[in-house]
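# just a sequence and a predicted model for now, questions to come.
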Amino acid sequence: MARNIAVGVGIMEYPFQTADGFWRWVDLCEQAGLDSIWQTDRIVSRAPILESMTTLAAIAGRTRRIKFGVNVVSVALREPVLLAKQCATIDVLSNGRLLPGFGIGSPRGAEWTAMHVDTTTRGRKTDEALQIISRLWTGEPLDYDGRHFKLAKASIAPLPVQPDLPMWIGGASEAAIKRTARIGTGWQAGPEAPDAVAQVISGIKQALLETGRSIDEDHYGAAFAFRFGSADDPGVAKVMQQYRDRTGRDPHDLFAIGDAEVIVRRLDAYVAAGASKFILRPIAEGDADMLAQTRRLAEEVLPQVAARWPKPRKAAA
């Protein structure tokens, strides 16, 4: 069965010089046919990074077509009832364009130390919070007696517009694989190379046999940074070093730097690994550079994606 391959864009650090530059970029993404916009979640940082849920709410009001999400919300740092309410509100006001993604948060994040959060509980807190969120989205008045959260007749309204609001799960650990198989409707990779993505997807499918659930073949995602140009371009070395410091990984193995063919080949490697949904992050600095990189992605890569992986025809009613 043909899969629906879709390309979106994302940012982590705020690369724009002006708010007007950011909104021109959002408008370009909306008009150029990109599938979605994604914001990385960081609360504590010295680098400028937008707060993710606020950003999605703003994008919802600016756009009419494009979908948007967080890759991924650090659930252990959030209060689950408020997070469920935020997601529902954004989904309602955007007419069902929210793509919620959830994870336990990067162990290298500054939040754990700065906010005195116990990292050893983040997995268990996330599991409890996701149970609460998914049940609140159904409209259930919820009594909950967990180790980390306790609720009495909690409920939210309005409910999400999407009757089965997606719950994409991030992370590549064994716990993340089991979490995805247990409650996820999709899985979104972080800084994993194609071979690692293939292993995680295989692990999720095996775990799904145990849970008796299924996940759509289209609902496995990957992400990587790209640049039309050279690793010697101004600012690229800084971005690569920041990535190495943040993740402990070699960016040369994961970034796609060159021309459209380089980016399409990288997409092809992930598609072969089982991924269908993509978040591509421009390596750029400043309004003009971000716009130029994103425009080239839309004009030079999207047509090749459409030709190489035609969207499957919808079955007749």
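Received, thanks. Numbering: from 1, shown residues only.
# helices and strands of this protein: which one bottoms out on pLDDT?
Using mean pLDDT, DSSP states H and E, the weakest-scoring helix or strand in the chain turns out to be helix 236-247, at a mean of 82.
# mind giving me the packing neighbours of that one?
On a contact count with 3 or more Cβ pairs under 8 Å, 6 or more residues apart in numbering; DSSP states H and E, helix 236-247 meets strand 220-228. To be clear about C-beta, it is placed using only N, CA and C from the backbone, and glycine gets the same treatment.
# low-confidence ranges, the chain, go.
By pLDDT under 70, the low-scoring segments of the chain are 1, 314-317.
# find the centremost residue of it, please.
Per Cα atoms, centre = their mean, the C-alpha nearest to the average position across the chain is that of N71, at 2.7 Å.
# that one contacts G101, doesn't it?
Yes. Contact status for N71 versus G101: in contact at 5.4 Å, counting by Cβ atoms under 8 Å.
# what touches both of the two?
Overlap of the contact sets of N71 and G101 (by Cβ atoms under 8 Å, 6 or more residues apart in numbering) consists of 38, 170, 188.
# the strands in the stretch 51-200 of the chain, which residues?
In chain order, the stretch 51-200 of the chain shows strands spanning 67-70, 73-74, 98-99, 101-103, 142-145, 150-154, 168-170, 186-188, with DSSP state E, counting those that start in this stretch as the criterion.
# buried stuff in the fifth one?
Okay, so that is strand 142-145. By 16 or more other Cβ atoms under 10 Å, the buried positions in strand 142-145 come out as 142, 144.
# quick one: contacts of that strand?
Judged by Cβ under 8 Å, 6+ apart, the contacts made with strand 142-145 from elsewhere in the structure are 128, 131-132, 135-136, 150-155.
# kindly report the same for the third one.
Contacts with strand 98-99, where a contact means Cβ under 8 Å, 6+ apart, come from 36, 56, 60, 67-69, 87, 90-91, 160, 162, 165-166, 168.
# how about the first one?
The set of residues that contact strand 67-70 without belonging to it, under Cβ under 8 Å, 6+ apart, is 8, 35-41, 52-53, 56, 59-60, 94, 97-101, 168.
# out of those, which are inside helices?
52-53, 56, 59-60 (DSSP state H).
# and of the residues you listed, the nearest to D27?
When the ones in helices among the contacts of strand 67-70 are compared for distance to D27 (Cβ to Cβ), I59 wins out at 10.6 Å.
# before we move on, back to that, neighbour-wise, which one of the ones in helices among the contacts of strand 67-70 leads?
L56 (26 neighbours; other Cβ atoms under 10 Å).
# give the contact list for that one.
In this structure, L56 makes contact with 39, 68-70, 90, 98, judged by Cβ under 8 Å, 6+ apart.
# can you give me the helices in this protein?
Remark: helices of the chain, listed N- to C-terminal, are 19-32, 52-62, 80-93, 111-114, 122-137, 174-183, 194-211, 236-247, 260-273, 287-296, 302-308; assignment by DSSP H.
# save the ones you listed as JSON lines, and put in distance to A225 too.
Formatted as JSON lines, the helices of the chain follow (distance: least, Cβ to Cβ, whole Å):
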{"stretch": "helix 19-32", "distance to A225": "16"}
{"stretch": "helix 52-62", "distance to A225": "18"}
{"stretch": "helix 80-93", "distance to A225": "26"}
{"stretch": "helix 111-114", "distance to A225": "22"}
{"stretch": "helix 122-137", "distance to A225": "26"}
{"stretch": "helix 174-183", "distance to A225": "22"}
{"stretch": "helix 194-211", "distance to A225": "15"}
{"stretch": "helix 236-247", "distance to A225": "7"}
{"stretch": "helix 260-273", "distance to A225": "10"}
{"stretch": "helix 287-296", "distance to A225": "10"}
{"stretch": "helix 302-308", "distance to A225": "17"}
